[in-house]
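K.L.:
Sequence first, then the predicted structure:
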Amino acid sequence: MAHDTPPRWDRKMQQRLTRGEAAALGELYDRFGPLVHHLAYRVLDDERGANRVTREVFGTIWENPDAYDPQQGSLRSWVAGLTHRAAVRRLREHEAALIDDDCEAAQEEVEAKIRDASAAARADFIRTSMPAPLRAALELAYFQRRDYRQAAEALGVSDDEARRRLRLGLQLLSSANVSATHSPSTPPGYGRSL
């Protein structure tokens, strides 16, 4: 399958949503609801706000299923992009209500907070979207504190393969910080294969 062709499920889901099938929205929620809530929470650090963003994102999808362009990436990436933009907008609105608009230092602090939250959300999205072998190697190394030899043994691969998986996984994660620094409004993973 070509890279610019979305998965079959994505196309069928968009068609079902366009026809107004409520069951399709339920399936989409079952599949992406946890991702949406998690990304929103990473940006907002607020459970109620994340719940509101989750409702807003699925409401937007229901009302505008044709806004998804399969040529730009997967449905998952599009949903993540909607979530990111909605959460950042809500964070900016919340922070603006708390600070005086004339205070430049406070505005810079808000923008830094948004960049940091965006990088963290993007890193989480990348980690959960990366191929399972890379994710498994990273989880062994960083969450279970295993060195590459122990990771290789646990994964049943050579030391060189374990190092390669760790290196590739770290390169993907480092793109979260680079992307957030250069373009904080870019939705996580939208329009690129991860």
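P.N.:
Nice, I can see it.

K.L.:
For the chain, just list every one of the strands.
P.N.:
For the chain, applying DSSP state E gives no strands.

K.L.:
Quick check: the residue most central in space within the chain vs residue 21, distance?
P.N.:
Of all residues in the chain, the one closest to the mean position by CA atoms, centre = their mean is residue 125, 3.5 Å from it. Counting by CB to CB, to the nearest Å, the separation of residue 125 from residue 21 is 27 Å. (C-beta placed from N, C-alpha, C; glycine too.)

K.L.:
The residue nearest to the centre of the chain touches residue 39, doesn't it?
P.N.:
Yes. Between residue 125 and residue 39 there is a contact under CB atoms under 8 Å: 6.4 Å.

K.L.:
Return stretch 152-164 as PDB; C-alpha atoms alone will do.
P.N.:
The C-alpha atoms that make up stretch 152-164 are tabulated as PDB, following Å, rounded to 0.1, in the frame of the first residue of the first chain:
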ATOM      1  CA  ALA A 152      18.500  -7.600  24.100                       C
ATOM      2  CA  GLU A 153      18.200 -10.700  26.300                       C
ATOM      3  CA  ALA A 154      14.600  -9.800  27.300                       C
ATOM      4  CA  LEU A 155      13.600  -9.200  23.700                       C
ATOM      5  CA  GLY A 156      15.500 -12.200  22.300                       C
ATOM      6  CA  VAL A 157      17.600 -10.200  19.900                       C
ATOM      7  CA  SER A 158      21.300  -9.400  19.500                       C
ATOM      8  CA  ASP A 159      23.000  -6.600  21.400                       C
ATOM      9  CA  ASP A 160      23.500  -4.800  18.100                       C
ATOM     10  CA  GLU A 161      19.800  -5.100  17.300                       C
ATOM     11  CA  ALA A 162      18.800  -3.800  20.800                       C
ATOM     12  CA  ARG A 163      21.100  -0.800  20.300                       C
ATOM     13  CA  ARG A 164      19.700  -0.100  16.900                       C
END
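
K.L.:
buried set for the helix ranked longest in the chain?
P.N.:
Secondary structure of the chain per DSSP state H: the longest helix is helix 104-129. Judged by neighbour count using 16 or more other CB atoms under 10 Å, the buried positions of helix 104-129 are 107, 110, 114, 117-127, 129.

K.L.:
in the chain, which ranges drop under the pLDDT threshold?
P.N.:
1-6, 97-106, 175-194 (pLDDT under 70).

K.L.:
how about a cut-off of 90?
P.N.:
In the predicted model of the chain, residues 1-8, 11, 21-22, 43, 45-46, 69-74, 77, 91-148, 151, 165-194 satisfy pLDDT under 90.
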